[in-house]
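Asks: Sharing a model that was predicted from the sequence below.
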Number of protein chains: 6
Amino acid sequence: MLDKNSNLLVVSAHAADFVWRGGGAIAKYAKHANVSLVILSYGARGESNDLWNIEGQTLENVKNVRRNEIEKAAAHLGVKDFEIWDFEDYHMELTKERTERLVKKIREVRPTDILTHGPRDAFNPDHEAVSKFVFDASVLSTSNGVRFDGYPTAKQARLFGFEPHQSEISDFVPEVILDITETYEQKAAAMNCFEAQPHLIDYYASKAKLRGNHARRCSGNKEYRYAEAFTRFFPYVGGEFK
Amino acid sequence: MLDKNSNLLVVSAHAADFVWRGGGAIAKYAKHANVSLVILSYGARGESNDLWNIEGQTLENVKNVRRNEIEKAAAHLGVKDFEIWDFEDYHMELTKERTERLVKKIREVRPTDILTHGPRDAFNPDHEAVSKFVFDASVLSTSNGVRFDGYPTAKQARLFGFEPHQSEISDFVPEVILDITETYEQKAAAMNCFEAQPHLIDYYASKAKLRGNHARRCSGNKEYRYAEAFTRFFPYVGGEFK
Amino acid sequence: MLDKNSNLLVVSAHAADFVWRGGGAIAKYAKHANVSLVILSYGARGESNDLWNIEGQTLENVKNVRRNEIEKAAAHLGVKDFEIWDFEDYHMELTKERTERLVKKIREVRPTDILTHGPRDAFNPDHEAVSKFVFDASVLSTSNGVRFDGYPTAKQARLFGFEPHQSEISDFVPEVILDITETYEQKAAAMNCFEAQPHLIDYYASKAKLRGNHARRCSGNKEYRYAEAFTRFFPYVGGEFK
Amino acid sequence: MLDKNSNLLVVSAHAADFVWRGGGAIAKYAKHANVSLVILSYGARGESNDLWNIEGQTLENVKNVRRNEIEKAAAHLGVKDFEIWDFEDYHMELTKERTERLVKKIREVRPTDILTHGPRDAFNPDHEAVSKFVFDASVLSTSNGVRFDGYPTAKQARLFGFEPHQSEISDFVPEVILDITETYEQKAAAMNCFEAQPHLIDYYASKAKLRGNHARRCSGNKEYRYAEAFTRFFPYVGGEFK
Amino acid sequence: MLDKNSNLLVVSAHAADFVWRGGGAIAKYAKHANVSLVILSYGARGESNDLWNIEGQTLENVKNVRRNEIEKAAAHLGVKDFEIWDFEDYHMELTKERTERLVKKIREVRPTDILTHGPRDAFNPDHEAVSKFVFDASVLSTSNGVRFDGYPTAKQARLFGFEPHQSEISDFVPEVILDITETYEQKAAAMNCFEAQPHLIDYYASKAKLRGNHARRCSGNKEYRYAEAFTRFFPYVGGEFK
Amino acid sequence: MLDKNSNLLVVSAHAADFVWRGGGAIAKYAKHANVSLVILSYGARGESNDLWNIEGQTLENVKNVRRNEIEKAAAHLGVKDFEIWDFEDYHMELTKERTERLVKKIREVRPTDILTHGPRDAFNPDHEAVSKFVFDASVLSTSNGVRFDGYPTAKQARLFGFEPHQSEISDFVPEVILDITETYEQKAAAMNCFEAQPHLIDYYASKAKLRGNHARRCSGNKEYRYAEAFTRFFPYVGGEFK
């Protein structure tokens, strides 16, 4: 069903968020539809703890390592269109200029679906700030009175939120569970690129199995083996019960 | 997209609930898929106020009036398969035997989707009781150890909840908004059958327009004119963002 | 009961918010009590979509059109004391200076009741920002240590929040439902002034009827025909159950 | 403002609930308006712990002690119309017959306001059961199809909920704070009648002062010294902001 | 720290709930403190799906298989004091007599801590019913007026709730995360006894790792490898921050 | 149990917050463990109303009065290590530089527990801002990539939130109730130092008794007479039920 009429725009706060939280879904859209990926920061300050244990480590080198990891991970997921905006992380300042940059990006990509962080993350203020940043930009992108030459107004996209690391204390409720059985191997390969966060690889492999169990239980479909969970910013609208 | 592989089972607490709260969706499923409708009561005690203002009114006569209305409304919606179980309403007692009756009905119909009342209704204890009744029966219907000869176990259906009359004070949040532009005229005709509740006809006509506005705003699709809103009991599970 | 001892201060984010969301209540206070109205922006960027479809449209002209609409609408509601602060909208920046300006306004008006946007609006970041802006200013206005010559400290006002466009997904719960039957025609006339947002006129006319139905149902008073719903920031305090 | 047009019906699960949780408000209504009080049980099993420490204690004697306390407390509050229905408590079974008895009582009293337990009490299942019992009966009382000879249908009353003992873990939020400065001495006298629960007298005296502080802070009215807090089952409906 | 002054009473709705949801904690208490275990049903109807796929299966045989599994699992956890009450499951009826039986059990065991199902389980009505059943019995057990010869009143125990299968849609929030690294092997061995529910063994092994990750992240203690999560019914009370 | 291995860092928005909301707990930690106290502002603008009623009052003098009060109160609580950062209050601006200052403070103190304002306070925007400020700084303090010479990364501390003035309308739920019977007299003495806020002394004395009642009821421990309530930012993690 998924086809080239679908454009998925992914906005990831740090280097690896898009892989842990949505790698399976992204690989699926890269295969059957279109994906544009914006990575706002290298996560050099907040999500590269092990790299900083190396003596003489520098910010430039951390960024190099992480860029290399991103490139390999994106290749595993089949994503060719990606940009790293290199904002400082922890804490990320999201100015009016940065919002306008994202408005223009949305108007270029004209996404049917936007995937980014959800509004709450109990351990990660950057994720919360990015969630509001993307939402605000999406609102501006559809408004006729917010005018940039060469960037005509976009149609309202659907917005979906990543699962945060500790779901329940972040008020996360799975509203959308996507089957990623078809692309799970790609996600696993992409996760393995992030040597700076080894403890997370096993974690998100377990998560994918648990969400697969939930997918089977909620649907009665026994073929779902791996899944990812997301929230939605707006209600589902359509022609039939889904 | 909707086709004969979809079986919708509707469980309505009182005579007219299925029309006010889901008439448009039901007409759509009746047209393109399959619909089975169970009406648990005539609403003779709790939802026939105007009929009881007629001098010399009797319970039997109220039920006759309401049966007649139900038959005409179902015809407008294109629903041929319906049953009235004639439980007493206000307050409805939902015994173990009644639960088993519904388990058998679910196993017969083998619905892909079940539509009934959501868990909260700030003014209507019957609606709350029916919500739990249907949910409980759906759980039993899938369990291999709950055995009735001739009624093999059903597969897990999706469950959806009607919008209650006063949505916000009933904790209702629209999670599914269905476009009913195609069948709105049928819903309007069905609503007009319920002369015992005239004040509701205008109310739900207005609601359909408001939900149509929400459908347009959330989706960017300008062709949606009328809509109905529902909650879901479980997350959406599928292969792509919807 | 309403009399000249009541001073209502209304703070509206954009040109027409005060009409859609509180026009009936405002007309009532204008008739029996006192109303001061502050409109923070023309809504030129975010709420004037149709105007920008006119070729050669300019910001100055959009503002002129909207100012004209505001003046006519205010006249229909009987509001003589209004100010347009001409902030840029989408997104509104609410600085310390702007907060102090509102503190002074509150201390001048000395409102018994303040009406503005509630804390959540699922589609409108400006409304959320204004809600906090007004609340923060109201806190400062009562504090003896926040000193401006000529502006003595105000007494704590009651704060009420407008209904957002999509109530349920904005966590809106009607806590106060005001009967506007007496002034509904004025509200209708005021709504008709906003030609730039024609799709909203029918929407809020339907809303007024629905809220009228809720008013009748919650109170048993059959004379309520039209109503508006609001949230309250603090509990009701008084001498009897209301 | 409060006058003889107001009829307050109070339904108390156990002997002393109406005093701890609403004694000040009840005394006020007894003074200026009308009060009918129904006490469902003596609280002999669940709320008479100290009495059972007396050797040779009997159920009959516990009830006698508590009846005596109730009579004295009611006298202090100025309530003449009260009934003790003598249900067993801990846990209270609230059958169809008992619901019908309350329906008839409501139709007799024709209350403008009903005061009873709110829906959640983290330590007291009886209070939760009574809350639903009263709500259900109030729904039936207004329904034309629920017919008892000599008991014509009542108009919808407003419903208010008592503050439970541990408010926050019982999801209690003060929505209505009533000034009881005028009748606080009566409440204090009534509380002192309940020798079986001495630890609660000091507790609810402190509560009244705290709620008085909240009343002052929320309203700016410095004359409020003692107050009681309640929830409301439905929104406030009226002609002006309150 | 854990010692023989602690008495843990576990109430499990079905045969294996206590293992999946609390096996590690139970083994720890069995080792260092005291454990009493009540299993309310064999789960023959609702949680033995695979057993019913065997041709000619009988209820008696299903119970025998499950009893055997329970015995082996309890042995792995080191629990010697357990009872199976053999209630019918799906749906469990929890009568006044059954409540009194549990009141007596609580008064016998005199637990410092009670562990049972939490109040919400989105797929399992039995778990919800048992949660209220245990809570209600615990309230009665402390009340001096609820008298059974030979069963003196118990002191208020702390109550904790199991994690349900799909945590987020069951409103579960981890309030207590217990390190079970020390007893994880015992839990694994106990889980392996339940051949009737093979799909759950892998599921709860993954869960234990995820909760171990959360335990490390929330505490900074790197030695936690496996953990279990629970809710609490009442606030933590003690002499220091924990 | 509490010993010198525990380091409590307290961050108080205004002069007296730490006393009203946590004085008993702080005195306990000062006696048995270690306490560091940071007071962000004198509360000169927002929490010194009575002082400003004195004719000719100056900001400098208000600060002097409040400094004097803080010093005396800290002495009563046994706190020797405290700092006043003298930020302007009402409203407090919490810049990147200020966050870094707190990061360094956390890395110096290396607290096991941090006590500050919880995320919601219905009447006090400063308290809400400080809650996020402290949380954000605590996140940065543990991150290896946020580097300041001489300030090695801290281990994750537990975070606890003060009770706000009006708990329920601030979404406060007591998750931790600490017995302060042992240090209540010290708290009372410290409260009496704040002559600028006399109405609060009686208020928080009453609160301590009410929370003592809750402590007794939740634990069954009759020796608790006074208590303070707090929220926790993360789940309890440990080796046994607490």
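Replies: Done, it's in.

Asks: need the next SSE after the host helix or strand of residue A:10, C-terminal direction.
Replies: Here residue A:10 sits within strand A:7-12, counting by DSSP states H and E. Sequence order places helix A:17-32 as the next helix or strand after strand A:7-12, per DSSP H and E.

Asks: what are the pairing partners of the strand holding residue A:10, and which direction each?
Replies: Neighbouring strands of strand A:7-12 in its sheet, by DSSP bridges, are strand A:34-39 (parallel), strand A:113-117 (parallel).

Asks: Point out the most buried one among these.
Replies: Sort these by mean neighbour count, taking mean count of other Cβ atoms under 10 Å in any protein chain shown, and strand A:113-117 sits at the top with a mean of 26. In this view, the C-beta of every residue, glycine as well, is placed from N, C-alpha and C.

Asks: So which helix or strand of chain A has the lowest pLDDT on average?
Replies: In chain A, the helix or strand scored least confidently by mean pLDDT, DSSP states H and E is helix A:198-219, which has a mean of 95.

Asks: The helix or strand that that one is followed by pairs with which strands?
Replies: Using DSSP H and E, the next helix or strand after helix A:198-219 towards the C-terminus is strand A:227-232. Strand pairing for strand A:227-232, using DSSP bridges, gives strand A:158-162 (antiparallel), strand A:176-179 (antiparallel).

Asks: Rebuild these as JSON lines, extending it with mean pLDDT and mean neighbour count.
Replies: Output for the strands paired with strand A:227-232, formatted as JSON lines (pLDDT from 0 to 100; neighbours: other Cβ atoms under 10 Å in any protein chain shown):
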{"stretch": "strand A:158-162", "mean pLDDT": "98", "mean neighbour count": "25"}
{"stretch": "strand A:176-179", "mean pLDDT": "98", "mean neighbour count": "24"}
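
Asks: Can I get those strands in TSV including distance to residue F:184?
Replies: As requested, the strands paired with strand A:227-232 are exported to TSV (distance: least, Cβ to Cβ, whole Å):
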stretch	distance to residue F:184
strand A:158-162	46
strand A:176-179	51
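
Asks: Indicate which one of those is closest to residue B:108.
Replies: strand A:176-179 (28.8 Å; Cβ to Cβ).

Asks: ok, the residue in chain A that chain E sits nearest to - contacts?
Replies: Residue nearest to chain E within chain A: residue A:206 (4.1 Å; Cβ to the nearest Cβ). Neighbour list for residue A:206: E:206, E:209, E:210 [criterion: Cβ atoms under 8 Å, 6 or more residues apart in numbering or on different chains].

Asks: now it, nearest residue through space, not along the chain?
Replies: What sits nearest to residue A:206 in space, not counting adjacent residues and going by Cβ to Cβ, 6 or more residues apart in numbering or on different chains, is residue E:206, at 4.1 Å.

Asks: Which pLDDT value goes with the closest residue to residue A:83 other than its chain neighbours?
Replies: Ranked by Cβ to Cβ, 6+ apart and with sequence neighbours excluded, the top spatial neighbour of residue A:83 is residue A:38, at 5.4 Å. If you check residue A:38, the pLDDT there is 98.

Asks: can you pull up the bridge partners for residue A:38?
Replies: residue A:11, residue A:83.

Asks: my guess is it meets residue A:104, correct?
Replies: No - taking Cβ atoms under 8 Å as the definition, residue A:38 is not a contact partner of residue A:104, at 11.4 Å.

Asks: quick one: residue A:96 from residue C:92, how far?
Replies: Here residue A:96 is placed at a distance of 11 Å from residue C:92 (Cβ to Cβ, to the nearest Å).

Asks: Looking at the two, which has the bigger crowd around it?
Replies: For the pair residue A:96 and residue C:92, the greater number of neighbours falls to residue C:92 (20 against 9), based on other Cβ atoms under 10 Å in any protein chain shown.

Asks: and the end-to-end length of stretch A:36-43?
Replies: 19 Å (Cα to Cα, to the nearest Å).

Asks: Give me the distance from it to the chain's centre.
Replies: 9 Å (Cα atoms, centre = their mean, to the nearest Å).

Asks: what's it in contact with?
Replies: Outside stretch A:36-43, the residues that touch it by Cβ under 8 Å, 6+ apart are A:7-18, A:26, A:48, A:62-63, A:66-67, A:70, A:74, A:79, A:81-89, A:92, A:102, A:105, A:109, A:111, A:126, A:130.

Asks: Grab the nearest non-local neighbour of residue A:143.
Replies: Excluding its sequence neighbours, the residue lying closest to residue A:143 (Cβ to Cβ, 6+ apart) is residue C:46, at 5.1 Å.

Asks: Quick check: buried residues in the least confident helix or strand of chain A?
Replies: A:200-201, A:203-219 (16 or more other Cβ atoms under 10 Å in any protein chain shown).

Asks: that's a helix at residue A:132, yeah?
Replies: Yes - assignment of residue A:132 by DSSP: H, G, I helix; E, B strand; the rest coil places it within a helix.

Asks: That one reaches residue A:118, doesn't it?
Replies: No - the criterion here is Cβ under 8 Å, and residue A:132 misses it with residue A:118 at 10.6 Å.

Asks: Settle it for me: which of the two has more neighbours?
Replies: residue A:118 (26 against 15).

Asks: Any residues of chain A in contact with chain E? List them.
Replies: Applying Cβ under 8 Å from any Cβ of the partner chain, we find that chain A lies next to chain E at A:123, A:165-169, A:172-174, A:199, A:202-203, A:206-207, A:209-210, A:213-214, A:217-218.

Asks: Would you mind measuring from the residue positioned nearest the centre of chain A to chain C?
Replies: In chain A, the centroid-proximal residue (Cα atoms, centre = their mean) is residue A:18; its distance is 3.7 Å. Between residue A:18 and chain C the distance is 24 Å, computed by Cβ to the nearest Cβ, to the nearest Å.

Asks: Specify the angle between the strand holding residue A:10 and helix A:17-32 in degrees.
Replies: Interaxial angle, strand A:7-12 versus helix A:17-32 (axes from the mean of the first three to the mean of the last three Cα atoms, to 10 degrees): 170 degrees.

Asks: Residue B:217 is in contact with residue A:237, correct?
Replies: No - contact between residue A:237 and residue B:217 fails when scored by Cβ under 8 Å: they sit 9.1 Å apart.
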